[in-house]
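**Q** Give me a 3D structure for the following:
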Amino acid sequence: ASHLFDNLKMRRFLAISITSICFTLVSSSNGVRRNARFQVLGRALSPARYAKGIISSRGANRCYRARAMSAPIDSDPPVRIGHGWDIHRLEAGLPLTIGGVKIPFEKGTVAHSDGDVLYHSLTDAILGAIGMPDIGQLFPDTDPRWKGADSHVFMSEAHKLMTERGYRIGNVDITLIVQKPKLKDIKPEMAENIVELLKTQPSRVNIKARTHENVDSVGEVRALACHAVVLLEKM
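**A** Now for the predicted structure:
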């Protein structure tokens, strides 16, 4: 009985070993191709950080999976809704850009990039609608490449991911919360910039602006904020 038991154990061991070897060979083959894609993506996203090892193979893996999420899925609904929100501090002597418009003002946004609160919130709304990571993960403020960058870069990437997923803009609704400066005469130019970047129609973009009734940091002109809601249509 002991001899028979030993034979059974040996057979089981051999069966598991053969299965494991086959799995390893297949996984290694797939892994080489996959890791090569991870490395290419990691270098493309941030050459400096990848070279220094700041973007690891695991980080590149996450980035690759995020990019893969933008591919069309058969079960995708005909419409998707996304919401984005952003806030930035204001300080004297800094430039102020909202909706791609450089605005003469005594204060500007404190930010790693150009601090465009409208573009940031709208970018996040689009990313959220298609189930992607937020703007802070795709364009981290620890990356020197984005120091002082124009935020239209972020919007363009969000639009690219959106179209890769098979969607287009249904409509965009923006609410800027800014005590000062007044934005009434600047809103049309902001809307034109959004229409151009997102390759949509003027009738599909709406921008509202309101004050914060002198309440809290926004009302005291120490910050500004923005909400963005976007509806995406399946192409």
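**Q** C-alpha from now on. contacts and neighbour counts both.
**A** Noted.
**Q** Kindly list the longest strand within the protein.
**A** If you go by DSSP state E, the chain has its longest strand at strand 79-92.
**Q** Toward the C-terminus, what is the element adjacent to that strand?
**A** The helix or strand immediately downstream of strand 79-92 is strand 97-98, counting by DSSP states H and E.
**Q** pLDDT-wise, which helix or strand of the protein ranks last?
**A** helix 47-51 (a mean of 42; mean pLDDT, DSSP states H and E).
**Q** Partner strands of the longest strand of the chain, with direction?
**A** Using DSSP bridges, strand 79-92 pairs in its sheet with strand 107-109 (antiparallel), strand 223-234 (antiparallel).
**Q** lowest-confidence stretch among those strands?
**A** Between the strands paired with strand 79-92, the one with the least mean pLDDT is strand 107-109; it has a mean of 90.
**Q** got a list of contacts for it?
**A** Contact partners of strand 107-109, identified using C-alpha atoms under 8 Å, 6 or more residues apart in numbering, comprise 88-97, 115-116, 223.
**Q** do stretch 164-179 as well
**A** With C-alpha under 8 Å, 6+ apart as the test, stretch 164-179 has contacts from 69-73, 118, 122, 130, 162, 198, 200, 204-214, 218-221, 223-235.
**Q** Would you show me how to pick out the buried ones of these in PyMOL?
**A** Listed next is the PyMOL selection for buried residues among the contacts of stretch 164-179, using 16 or more other C-alpha atoms under 10 Å:
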select buried, resi 69+70+118+122+130+162+198+200+204+205+206+207+211+212+218+219+221+223+224+225+226+227+228+229+230+231+232+233+234
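**Q** and the angle for the strand or helix carrying L161 with strand 223-234?
**A** Here L161 is covered by helix 152-164, with elements defined by DSSP H and E. Interaxial angle of helix 152-164 relative to strand 223-234 (axes from the mean of the first three to the mean of the last three C-alpha atoms, to 10 degrees): 20 degrees.
**Q** Mind listing what's buried along helix 152-164?
**A** 152, 154-155, 158-159, 161-164.
**Q** Tell me which of those residues has the lowest pLDDT.
**A** H152 (80).
**Q** Can you tell me how far it is from R165?
**A** Here the criterion is C-alpha to C-alpha, to the nearest Å. By it, H152 lies 20 Å from R165.
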